[in-house]
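no sequence on this one, just coordinates:
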């Protein structure tokens, strides 16, 4: 026999009161966990979607206008290539990769096309190594790793979805799917471009964008062939979606005042605002947990104290200290908080798993970290709510044990 | 136990009710005192003060040379736990605990080991003839059995002083006699017993009787007359 035995037996004696308190806490935690679970997976989904889009920030000449996000480089205005170096040296938080491009109209292999010069990531990394070896600062916030070209995975086909390429030789070209189909060219074929011979490194998979009809070559070759000098039409920036939303654009604008910085603002804003809404809803449910769960728990504990006045007086007459009486109610609060927290976590996770795909069109899985948050919050709320009634019980006049209550 | 100029006044709004007039009283170790008097005469107030549960408005109460209301509240609880046992008119058993668990409570409060709690509780229940009812809850026991469980619980911490509030008030004559014989036995073991009662026949079992009337203790002579009447 100890304090826990007394608490446990008392709870079993009054199952209805216990169940009502438990239900209020559990349902609040359920709602909190379900919403938070969906919100977290929604953020991951947003990050993934942005990753699939590739570049989410464009650095354009001041006069340029943007009609088609994927055709941003198809314009006559240019900006100096040295901006690439400025960006690399600035080491801005949130910039994951940069891809400068220069486009010129050309007829290659009797087919009108856009010759696009791209700078492989290996050369940008080389620039960074001159500055101390770190390409871009590490940052927090992104739930998903942005899918970039890297040294370990440098297949040229990746250009189609990553919009960056790790390596590209001086005499290599990459063909868009539509262009390759129209000309019948394939990997390994030789091709004449503005009087120079190149070799087809690969043919990209179809993307459904203007890239399908392009021919890609090394940026410096395209600059030389077009005699346009060290300029580019656009610099695509792969930025962390959170940092893009949290002021990266402003920082870029300050760094490069003579350029136009554009982002896929609508996509980012909409997705981020949905996430923000979900986060706000989870805070709302946290408030509900505190108010409803707490009020229910406080009310239930007050009733329990009134109902057990004589018992408390008797325990005091038998030698129970005020601390023991306080703990009698606080231990009960902890047990109910734990049960409500764990039960709410399980129920909320199940709810999110089934309703996530239905309401938010995303797959949702249980998040173990939420169990700690849910249980901790539930225990905190039940403890706070029970504290005043517990103190009131401890301050009861023990003489009540002599009276008929 | 010694009461030194003790009085108790309850204040309600602007009016004052004197529950106990200034009283000085000695209750030596091993005494058996019955306190009688009509309702509202201050019997339970006196018992509460003797039980370290209600501080007097004036005066001091000494127990083993210690002024009990000069002790902090936690130490008063410990004093009750170690030295005082209570018997209640309505037994005050915890309804959701079995007989043996009820008897274990004082031992649990004194942080005795579970083994000692069980062993001691079994012995005490056996002593009051309830070894076959150990795992019964109070509502599964007769009124007499409930009072015997309460007596066993009261003895759990081997108290030197027993405070009994109308211990026979709810009992039939046979059970009443049984309970009184237990109290006499406990007194013979050397425990001090202070019993509040309306029942004159129960009061006669005591070594002396104090009559309370309108918050005051009547002189010893009348007590003697009452006892011999």
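Everything's here; your move. Please read all numbers here as calculations on a predicted model, not as lab measurements. Numbering: from 1, shown residues only, chains lettered A, B, ... in the order given.

How many neighbouring residues does the residue in the stretch 1-150 of chain A positioned nearest to chain B have?
Of all residues in the stretch 1-150 of chain A, residue A:13 sits closest to chain B, at 3.6 Å by Cβ to the nearest Cβ. Using the backbone N, CA and C atoms, a C-beta is placed for each residue, glycine as well. By other Cβ atoms under 10 Å in any protein chain shown, 14 other residues sit near residue A:13.

With the one 5 residues further on instead?
Residue A:18: 19 surrounding residues under other Cβ under 10 Å.

Now the residue of the stretch 1-150 of chain A closest to chain B. Its backbone dihedrals?
phi -70, psi -30 (degrees, to the nearest 10).

Pretty sure it sits against residue B:95.
Yes. Residue A:13 lies in contact with residue B:95 (Cβ atoms under 8 Å); the separation is 7.1 Å.

residues contacting residue B:17?
B:9, B:10, B:11 (Cβ atoms under 8 Å, 6 or more residues apart in numbering or on different chains).

Check what pLDDT the spatially most central residue of chain B gets.
The centroid of chain B falls nearest to residue B:163 when counting by Cα atoms, centre = their mean (1.6 Å). The confidence metric pLDDT takes the value 94 at residue B:163.

Now the stretch 251-400 of chain A against chain B: closest residue?
residue A:319 (2.5 Å).

number of nearby residues for the residue lying closest to that residue once chain neighbours are set aside?
Of all residues not flanking residue A:319 in the chain, residue B:81 sits nearest, at 2.5 Å (Cβ to Cβ, 6 or more residues apart in numbering or on different chains). When counting by other Cβ under 10 Å, one arrives at 22 neighbours for residue B:81.

got it, and residue B:125?
23.

Going by neighbour count, which of the contacts of residue B:17 comes out on top?
residue B:9 (14 neighbours).

what sits against the nearest residue to residue A:394 once chain neighbours are set aside?
The spatial neighbour of residue A:394 that comes closest, neighbours along the chain excluded (Cβ to Cβ, 6+ apart), is residue A:322 at 3.8 Å. Residue A:322 sits next to A:394, A:395, B:73, B:74, B:77 when contact means Cβ under 8 Å, 6+ apart.

Likewise for residue B:194?
B:27, B:31, B:33, B:35, B:47, B:50, B:161, B:162, B:163, B:164.

if we can go back for a sec, mind checking how far the residue of the stretch 1-150 of chain A closest to chain B is from residue B:188?
As judged by Cβ to Cβ, to the nearest Å, residue A:13 and residue B:188 stand 38 Å apart.

can you check residue B:69 too?
Residue B:69 is 31 Å from residue B:188, by Cβ to Cβ.

More neighbours: which of these two?
Counted by other Cβ under 10 Å, residue B:69 and residue B:188 do not tie: residue B:69 has more neighbours, with 15 against 10.

The chain: helices as residue ranges?
Went with chain A since none was named. With DSSP state H as the criterion, chain A has helices at A:3-13, A:15-53, A:82-90, A:121-130, A:159-162, A:177-183, A:219-226, A:241-243, A:249-255, A:265-288, A:294-307, A:309-317, A:322-355, A:368-394.

please go with chain B instead
Using DSSP H, helices in chain B cover B:43-50, B:73-83, B:99-109, B:114-127, B:143-155, B:173-188, B:200-203, B:220-228.

Nearest to residue A:368, out of those helices?
Closest to residue A:368 of the helices of chain B is helix B:114-127 (Cβ to Cβ; 35.7 Å).

Show me what that closest one is packed against.
helix B:99-109, helix B:143-155 (3 or more Cβ pairs under 8 Å, 6 or more residues apart in numbering or on different chains; DSSP states H and E).

Distance to residue A:76 and mean neighbour count added to these, as CSV?
Listed next are the helices and strands packed on helix B:114-127 as CSV, based on distance: least, Cβ to Cβ, whole Å; neighbours: other Cβ atoms under 10 Å in any protein chain shown:
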stretch, distance to residue A:76, mean neighbour count
helix B:99-109, 90, 26
helix B:143-155, 99, 24
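
So which bits of the stretch 1-150 of chain A are right by chain B?
Proximity of the stretch 1-150 of chain A to chain B is confined to A:1, A:2, A:3, A:5, A:6, A:9, A:10, A:12, A:13 under the rule Cβ under 8 Å from any Cβ of the partner chain.

Could you identify which of those has the most neighbours?
Counting by other Cβ under 10 Å, top hit in those: residue A:6 with 24 neighbours.

close enough to count as contact, residue A:374 and residue A:345?
Yes. With contact defined as Cβ under 8 Å, residue A:374 reaches residue A:345; the gap is 4.4 Å.
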